[in-house]
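1. Sequence first, then the predicted structure:
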Amino acid sequence: LGRQCSVCEHPDRRDVEQRLTAGETLASIAASTGLNRMALSRHRRDHSPIWLSKVTQVSERSSGTVRERIEALVARIENVMSDAEVGRRASVVLQAARELRMSLETLGKLTGELDERPTTVVNVVESQEWREVQTALLGALAPFPQAKLAVVAALAPLGAS
Ligand SMILES: [Zn+2]
């Protein structure tokens, strides 16, 4: 791993790694370390374990149910996203966001939150409970005709009769 890579072999590799993570430009890092920009670019693409390892190793390391593992994965991806956001690494953020969305979708299906069947719209006005409330309300307002009229007027747009 990292053979013949001047960045990997650089004595200040950790420092370079951190600056890459932080989103510092290759030109700037190259200028202060004497490293080659192409080498930095290649290293970042091929050797930099910054975020890929965080994301991909989760499923192998974690134990537990599928749901627990996905939840762990989501947490890790969120960490990666905030790291990447701090470093303004847009492509990493987008990639992590995509991972996150897929993981959340899977999790949602597992937990039933993303049940794809159409949800039933409950029409309160049509319900038996509502009719009872309405009857009780209007009954209680019987001694107060003006208030009763006001309530009836307020309920009219809801389709109450
Ligand atoms: Zn390297």
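-> Looks like it arrived, so ask away. Numbers count the residues shown, from 1 in each chain.

2. Might one say that residue 36 is in contact with residue 27?
-> No: Residue 36 is beyond contact range of residue 27, at 11.2 Å (criterion: CB atoms under 8 Å). No exception for glycine: its C-beta is placed from N, CA and C like everyone else's.

3. So those two - more neighbours on which side?
-> With neighbours defined as other CB atoms under 10 Å, residue 36 and residue 27 compare such that residue 36 has more, 14 against 10.

4. any idea how far the ion is from the more buried one?
-> In this view, residue 36 and the ion are 12 Å apart by CB to the ion, to the nearest Å.

5. which other residues reach the helix or strand containing residue 45?
-> Using DSSP states H and E, residue 45 sits within helix 37-46. Residues outside helix 37-46 that contact it (CB atoms under 8 Å, 6 or more residues apart in numbering) are 2, 5-8, 16, 20, 26-27, 29-30.

6. now those residues in TSV, with distance to the ion?
-> Listed next are the contacts of helix 37-46 as TSV, based on distance: CB to the ion, whole Å:
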residue	distance to the ion
2	4
5	3
6	8
7	4
8	3
16	9
20	10
26	13
27	18
29	13
30	14
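
7. Take these and keep only those in helices.
-> In helices, judged by DSSP state H, the following of the contacts of helix 37-46 are found: 16, 20, 26-27, 29-30.

8. between these, which is closest to residue 135?
-> Of all the ones in helices among the contacts of helix 37-46, residue 20 has the smallest distance to residue 135: 70.6 Å, by CB to CB.

9. Just list the residues touching residue 155, thanks.
-> By CB under 8 Å, 6+ apart, the neighbours of residue 155 are residue 134.

10. Buried residues in the host helix or strand of it, which are they?
-> Here residue 155 sits within helix 145-155, counting by DSSP H and E. By 16 or more other CB atoms under 10 Å, the buried positions in helix 145-155 come out as 148, 151, 155.

11. Spell out which parts of this protein neighbour the ion.
-> Residues of the chain lying near the ion by CB under 5 Å from the ion: 2, 5, 7-8, 43, 47.

12. Now the buried members of those residues.
-> 5, 7-8, 43, 47.

13. Make TSV from these and add pLDDT to it.
-> Converted to TSV, those look like this (pLDDT from 0 to 100):
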residue	pLDDT
5	88
7	89
8	85
43	86
47	78
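
14. Report pLDDT for residue 147.
-> pLDDT, residue 147: 74.
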